[in-house]
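> Okay, sequence plus prediction incoming.
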Amino acid sequence: MTETMDKEIDVQDEDEAQEQKRKLGEMYAWQEGMSWNPVERVILERRSVRKYKDRQVPEKLVRRVLEAGRFAPSAGNSQPWRFVVVRDREMIEEMEKYVRLRCRVLKFLLNWQESPLGRLAWLNSQVSARLIPNLMHPIPFGAISLIADGKLKLFHGAPTVILILMDRRGAAKPAVDVGICGQNMVLAAHSLGLGTCWVGFVEVFKFGTKWKKKLGIEWPYRLVEGIALGYPVGKPDGMIERELREIDWWEDGRKRIVF
Amino acid sequence: MEMAFLSLKERMTIPTYDDPERCTSGRVAIDHERCNGCGNCALICPGACLYVAGVGKDKKAYMIDKPVPDCMSCNDCMAICKRGAIRADVTYDFGGFYKVLHRGELCPPRNF
C-alpha cells in the first residue's frame, strides 16, 4: 500500500519538476527557442530600486549577498575590495545630509541656470567639464541639483548600505574588479527578493575628514561605490526596452554590423 | 541611422545642458487612455520628471514642462507600470563631447 503511494508521489514530484523545468528553462544548456533561464531572468528583470520599505533586511540575507561579492573574479585573485556595511539609520541619514550639503555647494558653483554666480558658474562648469568630463556628464550634473533641492535622496531611504572600498594596490585594474564584485552582489540580492541601487555619489565622502576616518577611506583604500539595499516598495522589477548598440562582427575575413 | 562619428569640432564642444536645440534629453510617451494616475512612476522617477495631476478619472501622469528635463530614458517607469501606459520613446543625446555613438533602436530583451 505504502509502496504504491510512494510511487504516486514520486510521479507527482517528477511531473512538478518537469513543469518547473518548462517554466524556468534549463540551466547550463541552450536549446533553440527556450525561454529565459533563472539567471537570465534575474539579470534582465533587475531594475534600480529608488523607493524602499522601512523594514530592515535580515542580517543573514546581507551576509549572503556579501558572500556573492567575495567570490567575484578579480585580476590575479587580488580581491582588491573592502566592504563597509551601514545599517544604522541615524548614520545613513547623517550621510545623506552631508552629501546634500556638499551638493548645494557644488550647485552654487556650477549650476549656471540657478546659481547667483550666473556667468561665472557657467565658466566653472565648462572648465570642470573639460577637467573631469565623466563626473560632469549631464546626468550626474543634473543629479547634483536634484540632491541639492532634496528631490533625490542619496540612498533613497534604504535601510542597509554596502560601501565598497577599492584597494589601490590591486593587480591590473582594481576598479573593474570592484565593479564585477558589486554586480555579483546586486544580482544575488535581486535573486533573493531584495532591491538594490548603485550609488556613485558616495565618492563625495572623501572630502570630509570625519567621514574619511569613520569609513576607513585611508591609503590604500578609496571609496568608489555604494549599494543601497532593501525591500522595494511595489513591484519595480521587470523587463524593459533599451537602446541597441552597433556591434562589429568579424567572421570569414570580413566585417558585418549587427545589432 | 546616425553616423557613428565624432568630429573634432564636436569633440571640442561641451554642451550647455539647457538648450533643447543643442541637446536631447530622454522623453517618455504616456498613454492617457491606459494611465489611471496611480503615481508609481512619479514616485520612483530618478530624474523627478513625472508628476500626477487631475482629479478622479482625469488623474493622469504627465512629464514636467522643462526645456531639457532630467529624464535619462532608464525605463524604470515602464517596469513599474502595471497597465503598460508609459514607456521611454526618445533616448538622450547631449551632443558635442557627449554625443552618443553607434546607437540603434529601443528594443526589449530578445530571446535568440
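Perfect, I can see it now.

> what sits against A:Trp211?
A:Trp211 makes contact with A:Met95, A:Tyr98, A:Phe205, A:Ile217, according to Cβ atoms under 8 Å, 6 or more residues apart in numbering or on different chains. Every C-beta, even on glycine, is put in place using the N, C-alpha and C of the backbone.

> how does it look with 7 Å?
Taking Cβ atoms under 7 Å, 6 or more residues apart in numbering or on different chains, we find A:Trp211 in contact with A:Tyr98, A:Phe205.

> Smallest distance to chain B belongs to which residue of chain A?
Taking Cβ to the nearest Cβ as the measure, chain A has A:Leu244 as its residue closest to chain B, at 3.0 Å.

> so that residue sits in a helix?
No - per DSSP: H, G, I helix; E, B strand; the rest coil, A:Leu244 lies outside any helix segment and is strand.

> Settle this for me: it is touching B:Pro108, isn't it.
No - counting by Cβ atoms under 7 Å, A:Leu244 stays clear of B:Pro108, with 10.5 Å between them.

> circling back: report pLDDT for the residue of chain A closest to chain B.
A:Leu244 is assigned 94 on the pLDDT scale.

> Report how many residues lie close to it.
Neighbourhood size, A:Leu244 [other Cβ atoms under 10 Å in any protein chain shown]: 15.

> Tell me who's in contact with it.
Contacts of A:Leu244 (Cβ under 7 Å, 6+ apart): A:Phe259, B:Gly104, B:Glu105, B:Cys107.

> go again using 10 Å as the cut-off
Contact analysis of A:Leu244 by Cβ atoms under 10 Å, 6 or more residues apart in numbering or on different chains lists A:Val258, A:Phe259, B:His102, B:Arg103, B:Gly104, B:Glu105, B:Leu106, B:Cys107, B:Arg110.

> cool, A:Ala188 as well?
Counting by Cβ under 10 Å, 6+ apart, A:Ala188 has contacts A:Val42, A:Leu61, A:Arg64, A:Val65, A:Leu66, A:Glu67, A:Ala68, A:Gly69, A:Phe71, A:Leu194, A:Thr196.

> where does it land in three-state SS?
Classified using three-state DSSP, A:Ala188 is helix.

> circling back: looking at the contacts of A:Ala188, spot the one nearest A:Val233.
A:Leu194 (12.6 Å; Cβ to Cβ).

> Look up the closest residue to the closest one, ignoring the ones flanking it.
Setting aside the residues directly before and after it, A:Leu194 is nearest to A:Leu229 in space (Cβ to Cβ, 6 or more residues apart in numbering or on different chains), at 5.9 Å.

> now swap in B:Arg83 and tell me
Using Cβ to Cβ, 6+ apart and skipping residues adjacent in sequence, the residue nearest B:Arg83 is B:Arg34, 4.7 Å away.
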